[in-house]
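> prediction below, plus the sequence it came from.
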Amino acid sequence: MKTKTKVKKEELSDEALEMIANRFRLLSDPMRLRILQTLGASEMNVTELVNATKAGQANVSKHLGAMLEAGVVSRRKEGLNAIYRVSDETIFELCDVVCSRLKAQLDARQNALAGISA
């Protein structure tokens, strides 16, 4: 039998809730997740990200701008190039938690359907 994890209840202000919602909104776009996954622990310029994600330059730049403003990625200049990297590593921890939960749900569904014959 599974035991429920005790959730720490903390009163959050409206401002804090808005900030949390904004972070989740930022991460709700698949292209932003693809860019973050592509960057991983490395640094890349926009051209490298465009080639790796197979997305358009304007699209990649737009998403990088939003993530830069939110502090999820950072940018440094190297000659004429802007080099991006993930500056908030907790993003990967959050993604790992979500992916683990989704895998557990998928496994449970597959197990429930295993006894059904076609």
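Nice, I can see it. Residues are numbered from 1 along each chain as shown.
> I'd like to know which elements the helix ranked longest in the chain is packed against.
Determined from DSSP state H, the single longest helix within the chain is helix 90-113. Using 3 or more C-beta pairs under 8 Å, 6 or more residues apart in numbering; DSSP states H and E, the elements in contact with helix 90-113 are helix 30-39. Heads up, the C-betas are built off the backbone N, CA and C, glycines and all.
> tell me the angle of the helix it packs on relative to helix 90-113?
Interaxial angle of helix 30-39 relative to helix 90-113 (axes from the mean of the first three to the mean of the last three C-alpha atoms, to 10 degrees): 110 degrees.
> what are the buried residues along helix 30-39?
Within helix 30-39, the residues that count as buried by 16 or more other C-beta atoms under 10 Å are 32, 34-36, 38-39.
> contact partners of it?
26-27, 44, 49, 52-53, 55, 59-60, 63-64, 66-67, 72-73, 84-86, 91-92, 95 (C-beta atoms under 8 Å, 6 or more residues apart in numbering).
> and those, which are buried?
Judged by 16+ other C-beta under 10 Å, buried ones among the contacts of helix 30-39: 26-27, 44, 49, 53, 55, 60, 63-64, 67, 72-73, 84, 86, 91.
> out of those residues, which is nearest to residue 115?
residue 27 (36.3 Å; C-beta to C-beta).
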